[in-house]
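Engineer: return atomic coordinates for the entry below.
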Amino acid sequence: MLGISRHVVAGLVAAGFVTPSRGPRNEYRFTFQDVVLLRTALQLRAARIPPRKVTQALSRLRDALPDELPLSGIRVSAVGNDVAVRTGPSQWDAITGQLLLDYEVAEIKGEVVFLDTAPAPKDLAHQAEEWYDLGEQLRTSDMDGAERAYRKAIALSPQAFYAAYVDLGALLCEREDRCADALQVFNEALTHFPEDAALHFNRAIAYEDLGRPKDAEQSYRRCLELEPSFADAHHNLAILLEKRGDQQGLVRHLNAYRRLTT
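Structural biologist: Next comes the predicted model:
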């Protein structure tokens, strides 16, 4: 998926830079953090940094950072044939640790941005999109990693990244013990997108899963106020009304659902 050779992966594993677990067929299973680091290796290789130097640079970087690799304030770049790391205003050689001055830096052939310390607005949007894309890739293989990626996209661009809210909420709803967290995500999203019918619909589903039918009914009705042609909202509301004995409401919304889907 990442396009990294077995040789590079084996070198990173041997160096202890990434520590994958083993699956039922003895295959490597990487964590979200591993994926971020492997992606760094991929980008450095794309800049034609030799595999041995990639392994050395990332291993030294791992040792120089705190036990838990921070996901902020780090920029890793290919500078000439070397690997440079920028933390705030300082830039240093990833292998030797030597401080690099701006006039010593050759043309940058490629770079991997973990996150800038104070990125510009356009950079924030771009980073948010990258984190969202990573969440989409991890969704079926690493739900915890996907959740972290979606949350990072939201943190970087809370008022713009609508899709991350929707997909994160849906991801959490798929896990029976995380419905309350999903509801919190939809509530937060609605502070930024209060007139979005789909968010009200998804919040209603979360309320139902939490055993709060009155709140679910209110959210379905708000969804239909905003978008009367929302067929699934008519259907779910009809079933909800049937459960509480409202036959008139059941017939009205079930007929609306049939009109919209036939």
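Engineer: can you get me a residue count around Cys173?
Structural biologist: Applying other C-beta atoms under 10 Å, we find 19 residues neighbouring Cys173. Where you see a C-beta, it was placed from the backbone N, CA and C, and this is true even at glycine.
Engineer: out of the helices and strands in the protein, which is least certain?
Structural biologist: Across the helices and strands of the chain, the lowest-confidence element by mean pLDDT, DSSP states H and E is strand 108-115, at a mean of 42.
Engineer: next SSE downstream of it?
Structural biologist: Per DSSP states H and E, strand 108-115 leads on to helix 121-138 as the next helix or strand towards the C-terminus.
Engineer: buried ones in that following helix, by neighbour count?
Structural biologist: Within helix 121-138, the residues that qualify as buried by neighbour count (16 or more other C-beta atoms under 10 Å) are Leu124, Ala125, Gln127, Ala128, Glu129, Glu130, Trp131, Tyr132, Leu134, Gly135, Gln137, Leu138.
Engineer: contact partners for the fifth one?
Structural biologist: Applying C-beta atoms under 8 Å, 6 or more residues apart in numbering to Glu129 gives the contacts Ala153, Phe161.
Engineer: gap between it and Ser21?
Structural biologist: Between Glu129 and Ser21 the computed distance is 29 Å (C-beta to C-beta, to the nearest Å).
Engineer: same check on the third one?
Structural biologist: Applying C-beta to C-beta, the value for Gln127 to Ser21 is 28 Å.
Engineer: with the second one instead?
Structural biologist: Ala125 sits 34 Å away from Ser21 when distances are taken as C-beta to C-beta.
Engineer: any chance of the buried residues of helix 121-138 in CSV, plus pLDDT and distance to Gly169?
Structural biologist: Written out in CSV, the entries for those read as follows (pLDDT from 0 to 100; distance: C-beta to C-beta, whole Å):
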residue, pLDDT, distance to Gly169
Leu124, 74, 22
Ala125, 75, 21
Gln127, 80, 21
Ala128, 82, 17
Glu129, 83, 19
Glu130, 83, 21
Trp131, 86, 16
Tyr132, 86, 14
Leu134, 85, 18
Gly135, 86, 12
Gln137, 84, 19
Leu138, 85, 16
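Engineer: quick one: which of the residues you listed is nearest to Pro194?
Structural biologist: Compare each of these with Pro194 using C-beta to C-beta and the shortest gap goes to Ala128, at 20.8 Å.
Engineer: I figured that closest one hits Tyr162, correct?
Structural biologist: No: the pair Ala128 and Tyr162 fails to qualify as a contact (C-beta atoms under 8 Å) at a distance of 11.1 Å.
Engineer: so where do the strands sit in the stretch 51-200 of the chain?
Structural biologist: Read by DSSP state E, counting those that start in this stretch, the stretch 51-200 of the chain holds these strands, from start to end of the chain: 74-79, 82-87, 90-93, 108-115.
Engineer: what average pLDDT does the second one get?
Structural biologist: The average of the pLDDT scores along strand 82-87 is 61.
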